[in-house]
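Visitor: Here is my input, please return the structure:
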Amino acid sequence: MKYTIDKQEGYSIIRLHEEKMDSAIAPKLKSELITLHAEGISNVILDLSEVKYTDSSGLSAMLVGNRIMQQEGGKFILACLSDHTSKLIKISQLDSVLNIFPSVEAGVADLSE
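Guide: Next comes the predicted model:
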């Protein structure tokens, strides 16, 4: 899995450098989210600007991130979703569960409120 983590005061941004978030990527992403949580990070922005395709494994990783960050009163934010990923989330009726923003900056602004 190709990605970068930008650790800031109060939150971290994970940028996936992959075109697909599928069964090859999702377990590694879940592991990284659990590691960040164990380090005491409770606010994460997942930048999906390079991801064109997501499957159910990718959705599962998003839900794991959402659940573990909320346990500590934090937020798990998805930013820059492709049309495909956006439609998958809507079809799965998870758009009311997940925090979705059009840009990383909008997600950061939400955390700052």
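
Visitor: right, and the helix or strand after the host helix or strand of Ile14?
Guide: Element membership for Ile14, per DSSP states H and E: strand 11-16. Following strand 11-16 in sequence order, the next helix or strand is strand 20-21 (DSSP H and E).

Visitor: Return the distance of that following strand from the chain's centre.
Guide: On the basis of C-alpha atoms, centre = their mean, to the nearest Å, strand 20-21 sits 12 Å off its chain's mean C-alpha point.

Visitor: Can you list the strands that it pairs with?
Guide: Strand 20-21 has the following strand partners under DSSP bridges: strand 53-54 (parallel).

Visitor: residue boundaries of the helices in the chain?
Guide: 26-38, 56-71, 83-91, 104-112 (DSSP state H).

Visitor: So which of these is nearest Ile45?
Guide: helix 104-112 (4.5 Å; C-beta to C-beta). For glycine as for every other residue, the C-beta is placed from the backbone atoms N, C-alpha and C.

Visitor: Give me the contact list for that closest one.
Guide: Here helix 104-112 makes contact (C-beta atoms under 8 Å, 6 or more residues apart in numbering) with 10-11, 13, 43, 45, 47, 49, 75, 77-80, 99, 101.

Visitor: what's the angle between that helix and strand 11-16?
Guide: Using axes from the mean of the first three to the mean of the last three C-alpha atoms, to 10 degrees, the direction of helix 104-112 lies 150 degrees away from that of strand 11-16.

Visitor: residues of helix 104-112 that come out buried?
Guide: Counting neighbours by 16 or more other C-beta atoms under 10 Å, one finds that the buried residues in helix 104-112 are 104, 107-108, 111.

Visitor: Including distance to Lys2, could the residues you listed go into a markdown table?
Guide: Formatted as a markdown table, these follow (distance: C-beta to C-beta, whole Å):
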| residue | distance to Lys2 |
| --- | --- |
| Val104 | 18 |
| Gly107 | 21 |
| Val108 | 23 |
| Leu111 | 25 |
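
Visitor: center of the chain, which residue is that?
Guide: Residue closest to the average C-alpha location in the chain (C-alpha atoms, centre = their mean): Leu46, at 3.3 Å.
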